[in-house]
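Q: Just the structure for this:
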Amino acid sequence: MKCICLFTAMILLSGYSSTCSAQVKETAQLVTLSPSLLVIYSSDLENYQKSHYLISTIGYMGSYMIFESKWKAALLTLGLGATKELVIDGLMGRGEPLWDDMMWNTLGVGQGVVFTVSLDF
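A: Residues are numbered from 1 along each chain as shown. So this is what the prediction gives:
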């Protein structure tokens with residue numbers, strides 16, 4: 001919650017100056033990543049759901065940098081998450097395939113999409 005308040009204050013303060021439109025844009029882009037910061041700092045990373053979220057967000061960002069296409073990056077990242085759940089957890093028996101994990105993967109990809117959409121403005 002403190003991170004969101006800090007970023008909001010930065011936007012408001014920098015918005016009063018007419019010469020800092022680039023800083024406002026960069027600050028707004030950083031605000032779109034604030035849910036990832038909250039996931040990291042909220043508690044321990046032992047919770048596997050948080051690791052699904054963060055790895056999906058980071059995987060999407062990396063895929064977007066390679067393909068420069070939001071949809072290709074999203075499909076690749078979701079495909080990798082589904083493959084992990086079905087093949088590694090399901091067929092190889094190294095875990096239990098859960099829909100909950102795919103929900104967190106999808107939320108992480110959604111976070112990455114929101115960030116890359118903010119780059120277009």
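Q: Now Arg94: closest residue in space that isn't a chain neighbour?
A: Counting by Cβ to Cβ, 6 or more residues apart in numbering, Arg94 lies nearest to Ile88, which is 5.4 Å off, once chain neighbours are set aside. C-beta: built from backbone N, CA, C; applies to glycine.
Q: typo on my end, Asn105
A: Gly81 is the one closest to Asn105 (Cβ to Cβ, 6+ apart), at 3.6 Å.
Q: Just the pLDDT at Asp100, thanks.
A: Note for Asp100: predicted pLDDT of 87.
Q: Also Thr106?
A: pLDDT at Thr106 comes out at 94.
Q: ok, it to Ser56 distance?
A: 8 Å (Cβ to Cβ, to the nearest Å).
Q: now Gly93
A: 23 Å.
Q: The two: which is more packed in?
A: Ser56 (26 against 8; other Cβ atoms under 10 Å).
Q: Please identify the nearest residue in space to the more buried one, excluding sequence neighbours.
A: Gly108 (2.8 Å).
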